[in-house]
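J.: generate coordinates for the sequence data below:
(one chain, ligands or ions: 1)
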Amino acid sequence: MTQSWEIENFLETKNNRLHIDGVDTVELAREHGTPLFIYSESRIRHNVERLKNAASVIGCPLKLCYAAKAMSTLGILRAVKDAGSDIEVNSGGELWKALKVGFTGEQINYNGNSKEIWELELAISNDVYAIQVDSLYELSLIEETAKRVGKSANVSLRLVPEIKTSTHSGLQTAMVTSKFGMMPDEAFHAFAKYKDSPYLKLNGIHLHIGSQLPEFHAYVDAFRMLTDSMMRIHDAAGTKLQHINLGGGFPVNYLRDDSLREQFLAEQREMFSADFEPADAVGKAWQEAKDFADDCGAAHLFDSLTLLLEPGRSIIADTGVCLTTIRNQKTRPITQNSPPYEGGVAAASADGVVHSSDNWLLTDAGFNILLSMETYKWYYHLISAERAGDAHDTPYKLAGPLCDGGDVYFDHEGHGRLPDHRMLPADMKPGDVLALLNCGAYSLAQASQYNGRFLPPVVLIKENGEPELIRRRESFEDLIASDL
Ligand SMILES: Cc1ncc(COP(=O)(O)O)c(C=O)c1O
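T.: Okay, the predicted model is just below:
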């Protein structure tokens, strides 16, 4: 029977084990140890193609820039580049990595809300496609820096669009209360003020509404806002923009298993199960913006325009799986008044039996490598990699290895933002290998060595089906590499 999480020719059960691109994940776990991240190059290509489909529904060139902050191990950046994507970077470090794997300046889009001079120098001297400017102060700093470097910097001004969405509060970036960007009026004045500067090329405008956006319509509102801004910039400075940048934010469906849906509060459910085709959202947004411009007699502003997208999660999240081993187990009596049971019920397995004690499984994958499980209460679907085809009908409490009460796979604050229990086959025991799905984005990229834990290795299954180690497991020496 096909499981709800399976994806044909990518994520499948064979011989009862989880296979990725035809490769047995349990064998990879035995060879490299766990925790272990496994990525699929074919899936990266598939996702890049899917996003590039947006080009067919708009009437202008599309520039796709993978948001490196989602995952920037060099082997992944190479795979993204080979798949035909350009890149968005968010620091001098990511910019340096992008150059190292061979992205040219023309392929690089540089964001950041607190840039240092050396970072600006690196961006300007490499003629990046655009530095997204976060404030008027920063714009003057870029002009000064470009003058010193002896070049003209390509810039794009990041606007505050004031579009509220129902994604996680930490993932909202478009409100006046968020820290990003400048007010539109400031930007319009800047276009007029700097239009003749020999050290600045004001080529575009940018916004990013947020990440894991559940609402299709946010893109329509965003595009409309960008179009209105293009017209106002034209009025204020006579400038015809070369590009507009719609940011990233396309969602990934983390909750493909329908049987779990009622275990989530409505808001979380909507966010985790958000699912729409980026090309549909962009196509609709484009059409409405174009109609609006036509009505205002401003259709000519679209003539030589390029549309930029900067998706991270939707390119890399579902390409990565984290394998983890059960290292410990215990049972605990269920106490009705201790969180997370507040107002809750004891866990029932699929046969309807109510358990009076919980089976706890302690894994080797904690929030230091899957950070959002703690800070954002992120949900990653968990399965047995060794018994992937068995009924997952027995409830367990799952926790990671860190010395922190928050290092658990449920909502330890008792607010019910994650299911209290995870369903796995009966009789799970230490040594069994589990797989957390959709772990490719914002996981290893945010990882730390907290508790003196080695950062895990990464295997990339190449397009030809061969697994390749693209990052080794850290060693004792790595734990002290920067200590003097
Ligand atoms: C400016 C900017 N662009 C792109 C992204 C990528 O977003 P996502 O991974 O949701 O596509 C982010 C991340 O939040 C961002 O801040």
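
J.: may I have the phi/psi pair for residue 439?
T.: Geometry field for residue 439 lists phi and psi as phi -100, psi 10, criterion degrees, to the nearest 10.

J.: find the nearest non-adjacent residue to it, please.
T.: Residue nearest to residue 439 in three dimensions, not counting chain neighbours: residue 322, with 4.2 Å by C-beta to C-beta, 6 or more residues apart in numbering. Any C-beta I mention is one placed from the backbone N, CA and C, and that applies to glycine too.

J.: that neighbour looks like it's in a strand, true?
T.: Yes: according to DSSP: H, G, I helix; E, B strand; the rest coil, residue 322 belongs to a strand.

J.: per-residue confidence for it?
T.: Predicted confidence (pLDDT) at residue 322: the value is 98.

J.: now for it, how many residues are close by?
T.: For residue 322, the neighbour count with other C-beta atoms under 10 Å is 26.

J.: make sure it is actually in contact with residue 364.
T.: No: applying C-beta atoms under 8 Å, one finds residue 322 not in contact with residue 364, separated by 10.2 Å.

J.: shared neighbours of these two, which are they?
T.: Common neighbours of residue 322 and residue 364 are listed as residue 35 (criterion: C-beta atoms under 8 Å, 6 or more residues apart in numbering).

J.: residue 204 is in what secondary structure piece?
T.: strand 200-206 (DSSP states H and E).

J.: off-centre distance for that strand?
T.: In terms of C-alpha atoms, centre = their mean, to the nearest Å, the centre of strand 200-206 is set 25 Å apart from its chain centre.

J.: what is the mean pLDDT for it?
T.: 98.

J.: then stretch 467-475?
T.: Stretch 467-475 comes out at a mean pLDDT of 98.

J.: could you do stretch 226-245 as well?
T.: 96.

J.: start at 198, not 1
T.: Right, with 198 as the first residue, what we last looked at is stretch 423-442.

J.: what sits up against it?
T.: Contacts of stretch 423-442 (C-beta under 8 Å, 6+ apart): 260, 306, 327, 329, 353, 356, 358, 381, 384-386, 388-389, 392, 399-404, 443, 486, 489-490, 493, 495, 497-498, 500-507.

J.: export that stretch as PDB, just CAs?
T.: The C-alpha atoms that make up stretch 423-442 are tabulated as PDB, following Å, rounded to 0.1, in the frame of the first residue of the first chain:
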ATOM      1  CA  LEU A 423       5.000  46.600  -6.700                       C
ATOM      2  CA  THR A 424       3.100  47.800  -9.800                       C
ATOM      3  CA  ASP A 425       1.700  50.800  -7.900                       C
ATOM      4  CA  SER A 426       5.300  51.600  -6.700                       C
ATOM      5  CA  MET A 427       6.700  51.300 -10.300                       C
ATOM      6  CA  MET A 428       4.200  53.900 -11.400                       C
ATOM      7  CA  ARG A 429       5.000  56.200  -8.500                       C
ATOM      8  CA  ILE A 430       8.700  55.900  -9.100                       C
ATOM      9  CA  HIS A 431       8.200  56.700 -12.700                       C
ATOM     10  CA  ASP A 432       6.200  59.800 -11.700                       C
ATOM     11  CA  ALA A 433       8.700  60.900  -9.100                       C
ATOM     12  CA  ALA A 434      12.000  60.300 -11.000                       C
ATOM     13  CA  GLY A 435      11.100  59.300 -14.500                       C
ATOM     14  CA  THR A 436      12.800  56.000 -13.900                       C
ATOM     15  CA  LYS A 437      11.600  52.800 -15.700                       C
ATOM     16  CA  LEU A 438      12.600  49.900 -13.500                       C
ATOM     17  CA  GLN A 439      14.600  46.900 -14.900                       C
ATOM     18  CA  HIS A 440      13.300  44.500 -12.300                       C
ATOM     19  CA  ILE A 441      10.800  43.900  -9.600                       C
ATOM     20  CA  ASN A 442      11.500  41.200  -6.900                       C
END
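
J.: residue 583 against residue 626, yeah?
T.: No: the pair residue 583 / residue 626 is not scored as a contact, 10.6 Å apart, by C-beta under 8 Å.

J.: who's more crowded, these two?
T.: Using other C-beta under 10 Å, the more surrounded residue of residue 583 and residue 626 is residue 583, with 19 against 8.

J.: residue 447: what's it in contact with?
T.: Contact analysis of residue 447 by C-beta under 8 Å, 6+ apart lists 248, 410, 473, 475, 478, 508, 510-511.

J.: please check those and keep the buried ones.
T.: 248, 410, 475, 478, 508, 510-511 (16 or more other C-beta atoms under 10 Å).

J.: ranges for the strands of the stretch 298-447 of the chain?
T.: In the stretch 298-447 of the chain, strands defined by DSSP state E, counting those that start in this stretch lie at 305-307, 327-330, 350-355, 397-403, 440-442, listed in chain order.

J.: returning to that earlier point: within its sheet, name the partner strands of the strand holding residue 401 and how each one runs.
T.: Each strand paired with strand 397-403, and its direction, by DSSP bridges: strand 350-355 (parallel), strand 440-442 (parallel).

J.: wait, which of those strands is closest to residue 643?
T.: Taking C-beta to C-beta, strand 350-355 is the member of these nearest to residue 643, at 22.2 Å.

J.: do any residues in the strand holding residue 401 lie close to the ligand?
T.: No: residues of strand 397-403 contacting the ligand under C-beta under 6 Å from any ligand atom: none, with a closest distance of 7.5 Å.

J.: the stretch 348-497 of the chain: helices as residue ranges?
T.: 381-391, 414-434, 463-469, 475-492 (DSSP state H, counting those that start in this stretch).

J.: for these, which one sits closest to the ligand?
T.: Shortest distance between the ligand and the helices of the stretch 348-497 of the chain, using C-beta to the nearest ligand atom, is found for helix 475-492: 9.5 Å.

J.: that closest one vs the ligand: in contact?
T.: No: judged by C-beta under 6 Å from any ligand atom, helix 475-492 stays clear of the ligand, getting no closer than 9.5 Å.

J.: residue of the stretch 548-681 of the chain closest to the ligand, please.
T.: For the stretch 548-681 of the chain, C-beta to the nearest ligand atom, closest residue to the ligand: residue 638, 6.1 Å.

J.: correction: the previous question concerned the stretch 248-397 of the chain.
T.: In the stretch 248-397 of the chain, the residue that lies nearest the ligand is residue 264 (3.6 Å; C-beta to the nearest ligand atom).

J.: phi, psi of that residue?
T.: Torsion angles, degrees, to the nearest 10, at residue 264: phi -80, psi 100.
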